[in-house]
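Undergrad: kindly return the folded structure for what I paste below:
(2 chains)
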2 protein chains.
Amino acid sequence: MSAPARGRRRGSPDTRAAILAAARERFATVGFGGTTIRAVAADAGVDPALVHHYFGAKNDLFVAALELPVDPRKVVAERILAGAADSGPGERILRAILSVWDDESLRPALLAAVRRFFEPDGGRLMTDGFLPAVLEPVGALLGVAEAPARMPLVASQVIGLVLLRYVIAAEPLASFTTEQVVALYAPVLDGFLTGPLPPASL
Amino acid sequence: MSAPARGRRRGSPDTRAAILAAARERFATVGFGGTTIRAVAADAGVDPALVHHYFGAKNDLFVAALELPVDPRKVVAERILAGAADSGPGERILRAILSVWDDESLRPALLAAVRRFFEPDGGRLMTDGFLPAVLEPVGALLGVAEAPARMPLVASQVIGLVLLRYVIAAEPLASFTTEQVVALYAPVLDGFLTGPLPPASL
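TA: A predicted model of the protein is given here:
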């Protein structure tokens, strides 16, 4: 996962905005897999090298297009390194996600990103983009075997938890401490990450 | 839980629609707890007795206002009675929900209802309405102790599962058979329904 080039040179705001708008349109209509840097560059009227220069690889362009306040891959990687060595993968991923959502300065942008997944065509952003570009790399960082099969299961719990705790603020979830959430949900995530998957014959 | 009076007499479509519109507005702005049949009747310009006559109790009016294709309380009650006596509460609730969502004739109305929860003010429909009016009675039917504390945990998993499997159609969840979903998720729901809750001191 190469770092976006933002730090070195931000480029013309108009050019960057045109590339991001073209990328969002492509990701939403033809999915992550169907989007190429070349096509985004053509839509934005720039050279493909400029897209790479500003945004890095396609994964990085996708994360930039989500307009998240943080790069979720980077935050989880940091938390994995900082986390207690004896905590399981479910606890590590959960603490990383809770720490981001508990930061109220990030909350409005996170809420906007979540809502985007439920707009028309937003589903493709999730299935063809967020899962392969963000969740599967996070799974790989955690050393999860069969990440493409397991990370969507993790997502099915994390998304519901985030919706009830932060978006809808349903009790008792909204008032739980981090430790209470971890006690309840880390075992669920560990089951999805390391437990048996259902046999294909079921 | 009294049955709505719809079967006996549907009344003027305009009157029913006016009552439903007034109810939706009240539920969305002042929540389920803050809404009274009297206030809804006043907003719609009808007698409170007419609201009771058409829709029954406040819980029933709330479910009617959600415009769901089925009454979730009724469907789950039927499935509990029809279900295998030796299956746990998690499996029973899961099979009921999957059977409704797997019915493609109901899908568009269910999707519309789900999206409504994520519109501005939609959170109150969930926290102040859906949880007490629908989920807690379902928990009571299942014999769940501490339903107000436990059913939101169940909701946190079921909502994420429904979003990924049906709304977003993420693999492998979208292609799982019912038995595969039950194998993976019934133990999670049983944990939330009957397992230890986190101590208040955590």
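
Undergrad: tell me who's in contact with the nearest residue to A:Val162 once chain neighbours are set aside.
TA: Nearest non-adjacent residue to A:Val162, counting by C-beta to C-beta, 6 or more residues apart in numbering or on different chains: A:Trp101, 6.3 Å away. For glycine as for every other residue, the C-beta is placed from the backbone atoms N, C-alpha and C. By C-beta atoms under 8 Å, 6 or more residues apart in numbering or on different chains, A:Trp101 lies in contact with A:107, A:110, A:162, A:165-166.

Undergrad: same check, this time on A:Thr36
TA: Neighbouring residues of A:Thr36 by C-beta under 8 Å, 6+ apart: A:Lys58.

Undergrad: quick check: phi and psi on it?
TA: Dihedral angles of A:Thr36 (phi, psi; degrees, to the nearest 10) stand at phi -120, psi 150.

Undergrad: any idea how far it lies from A:Thr29?
TA: According to C-beta to C-beta, to the nearest Å, A:Thr36 stands 13 Å off from A:Thr29.

Undergrad: the residue lying farthest from the centre of chain A: which element?
TA: What lies farthest from the middle of chain A is A:Ser201; by C-alpha atoms, centre = their mean that is 31.4 Å. Here A:Ser201 is covered by no helix or strand, with elements defined by DSSP states H and E.

Undergrad: any idea how far it is from B:Gln180?
TA: A:Ser201 is 9 Å from B:Gln180, by C-beta to C-beta.

Undergrad: what of A:Leu202?
TA: The value you get for A:Leu202 to B:Gln180, if C-beta to C-beta is used, is 5 Å.

Undergrad: any regions of chain A where pLDDT drops low?
TA: A:1-11, A:80, A:83-85, A:117-125 (pLDDT under 70).

Undergrad: one step back: name the residue in A:Leu202 and B:Gln180 with the higher neighbour count.
TA: B:Gln180 (18 against 13; other C-beta atoms under 10 Å in any protein chain shown).

Undergrad: about what we covered before: from the contacts of A:Trp101, which is closest to A:Lys58?
TA: Within the contacts of A:Trp101, the smallest distance to A:Lys58 is 22.7 Å, found for A:Leu110 (C-beta to C-beta).

Undergrad: what about A:Ala82, how many residues close to it?
TA: Neighbour tally, A:Ala82, other C-beta under 10 Å: 11.

Undergrad: whoops, A:Leu50 was the one
TA: With other C-beta under 10 Å as criterion, A:Leu50 counts 17.

Undergrad: for the strand or helix carrying it, packing partners?
TA: Applying DSSP H and E as the criterion places A:Leu50 in helix A:48-55. Helices and strands touching helix A:48-55, by 3 or more C-beta pairs under 8 Å, 6 or more residues apart in numbering or on different chains; DSSP states H and E, are helix A:13-34, helix A:37-44, helix A:58-65.

Undergrad: can I get the last one in CSV? Just the C-alpha atoms.
TA: What follows is helix A:58-65 as a C-alpha-only set of coordinates in CSV (Å, rounded to 0.1, in the frame of the first residue of the first chain):
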residue,chain,number,x,y,z
LYS,A,58,-5.9,2.9,-7.2
ASN,A,59,-6.5,1.8,-3.6
ASP,A,60,-5.3,5.2,-2.4
LEU,A,61,-7.4,7.0,-4.9
PHE,A,62,-10.4,5.1,-3.7
VAL,A,63,-9.8,6.0,-0.1
ALA,A,64,-9.2,9.7,-1.1
ALA,A,65,-12.5,9.6,-3.0
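
Undergrad: helix/strand/coil for the residue in chain A positioned nearest to chain B?
TA: Chain A approaches chain B most closely through A:Gly160 (2.9 Å), counting by C-beta to the nearest C-beta. Under DSSP: H, G, I helix; E, B strand; the rest coil, the three-state class of A:Gly160 is helix.

Undergrad: residues near it, how many?
TA: 24.

Undergrad: do you know how far it is from A:Pro137?
TA: A:Gly160 is 22 Å from A:Pro137, by C-beta to C-beta.

Undergrad: closest to the centroid, which residue in chain A?
TA: Note: chain A centre (C-alpha atoms, centre = their mean) maps to A:Val134, 4.4 Å.

Undergrad: quick one: neighbours of the closest residue to A:Pro137 other than its chain neighbours, just the number.
TA: In space, and not counting its chain neighbours, A:Pro137 is closest to A:Arg73: 5.3 Å by C-beta to C-beta, 6+ apart. A total of 19 residues lie near A:Arg73 under the criterion other C-beta under 10 Å.

Undergrad: which ones are touching A:Arg73?
TA: Counted by C-beta under 8 Å, 6+ apart, A:Arg73 has contacts A:1, A:63, A:134, A:137-138, A:141.

Undergrad: restricted to helices, list the residues you listed.
TA: Members of these lying in helices (criterion: DSSP state H): A:63, A:137-138, A:141.

Undergrad: farthest pair in those residues?
TA: Spatially, the most separated pair among those is A:Val63 and A:Leu141, at 14.5 Å (C-beta to C-beta).

Undergrad: which one's more surrounded, those two?
TA: With neighbours defined as other C-beta under 10 Å, A:Val63 and A:Leu141 compare such that A:Val63 has more, 25 against 19.

Undergrad: list only those of the contacts of A:Trp101 flagged as buried.
TA: A:110, A:162, A:165-166 (16 or more other C-beta atoms under 10 Å in any protein chain shown).

Undergrad: between the residues you listed, which sits nearest B:Leu197?
TA: Nearest to B:Leu197 among the buried ones among the contacts of A:Trp101, with distances taken as C-beta to C-beta, is A:Arg165, at 15.5 Å.

Undergrad: once you drop chain neighbours, what's closest to A:Ala183?
TA: In space, A:Ala183 is closest to B:Pro198, 4.2 Å off (C-beta to C-beta, 6+ apart).

Undergrad: okay, A:Met151 and B:Val188: tell me how far apart.
TA: For A:Met151 relative to B:Val188 (C-beta to C-beta), the value is 16 Å.

Undergrad: so which of the contacts of A:Trp101 sit within helices?
TA: Per DSSP H, the contacts of A:Trp101 map to helices at A:107, A:110, A:162.
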